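Chemist: Sequence isn't available, so here's the structure alone:
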């Protein structure tokens, strides 16, 4: 029998499956990719909560829908995506390494030199779908600061785990973690 966790995000109700991600931990799986209703409602709710920024920066791929919709609602014509690998079109790319709880392996986040130039000296808001350990959002912060951008905030739909560990993050809610004993 499957277990579920019920949550309401910006007025939208969802039943999340609880999935085991390691021998000792399960999470309520919140996947917003493809969920237009949640993305649009969350962006609408978050737009009045975020500080004024010049750029939004997110990591490929799960934060892209929120960054897109939030940028649109804030009247921005563009946002920046830190890619998972250096692409042939990138000029003077910069990268950082990250270990994410959901990916469970080492990844790289890369920024095109042209994007780095755009954010140099500018106010940057970091965007993600769910912040768990904070490893991914910290890697984005490191990348933005390496490029000379000024990180003015972090925003996500949900944090995960102990809410006290996520102070200062703009969010709509928090998901509990489900320890597995044994």
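Modeler: Happy to help now that I have it. Not measured: the values here are computed from a predicted model. Numbering: from 1, shown residues only.

Chemist: Next, the buried residues of the top strand by length along the chain.
Modeler: Counting residues, the longest strand in the chain under DSSP state E turns out to be strand 150-160. Neighbour-count burial for strand 150-160, counted by 16 or more other Cβ atoms under 10 Å, picks out 151, 152, 153, 154, 155, 156, 157, 158, 159, 160. From N, CA and C alone the C-beta is placed, and that goes for glycine too.

Chemist: Widest-spaced pair of those?
Modeler: 152 and 160 (22.9 Å; Cβ to Cβ).

Chemist: got the contact list for the helix or strand harbouring residue 42?
Modeler: According to DSSP states H and E, residue 42 maps onto helix 36-47. Helix 36-47 is contacted from outside by 9-12, 14, 32, 65-66, 69-70, 72-74, 155, 157, 170, 172, using Cβ atoms under 8 Å, 6 or more residues apart in numbering.

Chemist: let's see 10 Å
Modeler: 8-14, 30-33, 35, 64-75, 127, 129, 155-158, 170-173 (Cβ atoms under 10 Å, 6 or more residues apart in numbering).

Chemist: Go ahead and flag the most central residue of this protein.
Modeler: residue 128 (1.1 Å; Cα atoms, centre = their mean).

Chemist: Tell me where this protein has helices.
Modeler: 36-47, 64-73, 113-119, 135-146 (DSSP state H).

Chemist: now for the third one, which elements pack on it?
Modeler: Right, the one you point to is helix 113-119. strand 55-59, strand 80-82, strand 94-99, strand 106-111, helix 135-146 (3 or more Cβ pairs under 10 Å, 6 or more residues apart in numbering; DSSP states H and E).

Chemist: can you pull the buried residues of that helix?
Modeler: Result for helix 113-119 [16+ other Cβ under 10 Å]: buried residues 115, 116, 118, 119.

Chemist: contacting residues around that helix?
Modeler: Contacts of helix 113-119 (Cβ under 10 Å, 6+ apart): 54-55, 57, 78-83, 89-94, 111-112, 124, 143-151.

Chemist: Narrow these to just the buried residues.
Modeler: Judged by 16+ other Cβ under 10 Å, buried ones among those: 55, 57, 79-83, 90, 93-94, 111-112, 124, 143-144, 147, 149, 151.

Chemist: Just the buried residues of the contacts of helix 36-47.
Modeler: Buried among these by 16+ other Cβ under 10 Å: 9-10, 14, 30, 32, 35, 64-71, 74, 127, 129, 155-158, 170-173.
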